[in-house]
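> prediction below, plus the sequence it came from.
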Amino acid sequence: MIFSVGIFTKHPYFPGIGISSSQFLILPPYQQQGHGNKLYASLYNEFCSRKEIREMTVEDPNEEFSDLRDKNDMRLLISKKVFENIQAPVKNSRIEEIAKAYKLTKVSSDF
């Protein structure tokens with residue numbers, strides 16, 4: 001028996017560069033139970049383990065998904081101790097280096 005609490009669709013984003021998500025949905029009865037965090041984390045781990053993928057993007061994410069992604073990305077960076085010994089102001093080159101190392105995408109011009 002297969003049981004699903006949600007779906008995720010993906011497609012190449014500039015083949016050889018990245019992967020893009022176009023849909024990410026946790027079915028209503030299963031929302032607010034941590035399933036979205038677990039799905040995002042497992043997808044992130046899968047895609048980051050693949051050397052041919054340099055970044056993960058999301059097509060036009062809604063506010064709730066952006067929050068979920070930001071929180072999960074912050075948990076990852078904190079667990080990897082990325083913020084140890086960093087003092088403000090942080091140079092853009094350092095931010096870009098971290099984003100590249102963890103395959104995170106630039107969200108706004110303010111990065």
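Looks like it came in fine. Residues are numbered from 1 along each chain as shown.
> which strands and helices lie in contact with the longest helix along the chain?
For the chain, the longest helix by residue count, based on DSSP state H, is helix 63-79. When contacts are defined as 3 or more CB pairs under 8 Å, 6 or more residues apart in numbering; DSSP states H and E, helix 63-79 sits against helix 35-48, strand 55-58. Heads up, the C-betas are built off the backbone N, CA and C, glycines and all.
> which of the ones you listed has the lowest mean pLDDT?
Lowest mean pLDDT within those: strand 55-58, a mean of 81.
> show me what that one is packed up against.
Secondary structure elements in contact with strand 55-58, counted by 3+ CB pairs under 8 Å, 6+ apart, are strand 18-26, helix 35-48, helix 63-79.
> just send the ones you listed back as TSV, with mean neighbour count and distance to residue 9 too.
Converted to TSV, these look like this (neighbours: other CB atoms under 10 Å; distance: least, CB to CB, whole Å):
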stretch	mean neighbour count	distance to residue 9
strand 18-26	17	4
helix 35-48	16	11
helix 63-79	14	13
